[in-house]
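K.L.:
Sharing a model that was predicted from the sequence below.
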Amino acid sequence: MPNIKNTGFQSQLNPDLKNKKQLIIEEERIRVLGDSLLAFYDKLTEKYLLIQAAQEEGEEASNAPVPRSEIETFVRDYAATKPLGF
């Protein structure tokens, strides 16, 4: 009688642990994407000034720069919307 040997990785992780691991990986991916976008923003601000657009027609755009905290909030929210592998 042949001796059949199971090869490959046998997952013995609890489904709850597997879900927690996937959540941690996803949160890390979102954090890294956000950090990358903020690094790109920092590089842009070396040569360019980001200003707030006029909200309504006829309203003049002020030349005040957009605060970094506002950009960081926008970037983190945007990063959370991206699918896996982005």
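P.N.:
Thanks, I have it.
K.L.:
rest of the way, CA atoms for contacts and neighbours
P.N.:
Will do.
K.L.:
tell me what the helix or strand where D77 lies is packed against?
P.N.:
Here D77, judged by DSSP states H and E, is contained in helix 68-81. Helices and strands touching helix 68-81, by 3 or more C-alpha pairs under 8 Å, 6 or more residues apart in numbering; DSSP states H and E, are helix 15-45.
K.L.:
confidence score at E46?
P.N.:
In this prediction, E46 carries a pLDDT score of 91.
K.L.:
now G34
P.N.:
With respect to pLDDT, G34 scores 90.
K.L.:
do you know how far it is from A53?
P.N.:
G34 sits 23 Å away from A53, taking C-alpha to C-alpha, to the nearest Å as the criterion.
K.L.:
now swap in F74 and tell me
P.N.:
With distances taken as C-alpha to C-alpha, F74 is found 15 Å from A53.
K.L.:
now the helix holding D77 against helix 15-45, angle please.
P.N.:
Computed with axes from the mean of the first three to the mean of the last three C-alpha atoms, to 10 degrees, the direction of helix 68-81 lies at 140 degrees from that of helix 15-45.
K.L.:
I'd like the mean pLDDT over helix 68-81, please.
P.N.:
Helix 68-81 comes out at a mean pLDDT of 89.
K.L.:
Now that helix - C-alpha only, CSV.
P.N.:
The C-alpha coordinates for helix 68-81 follow below in CSV (Å, rounded to 0.1, in the frame of the first residue of the first chain):
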residue,chain,number,x,y,z
ARG,A,68,-1.0,70.1,6.2
SER,A,69,-3.5,68.7,8.7
GLU,A,70,-6.3,69.1,6.1
ILE,A,71,-4.2,67.4,3.5
GLU,A,72,-3.3,64.6,5.8
THR,A,73,-7.0,63.9,6.6
PHE,A,74,-7.8,63.9,2.9
VAL,A,75,-4.9,61.6,2.1
ARG,A,76,-5.8,59.1,4.9
ASP,A,77,-9.4,59.0,3.8
TYR,A,78,-8.4,58.5,0.2
ALA,A,79,-6.0,55.7,1.0
ALA,A,80,-8.8,53.8,2.8
THR,A,81,-10.9,53.8,-0.4
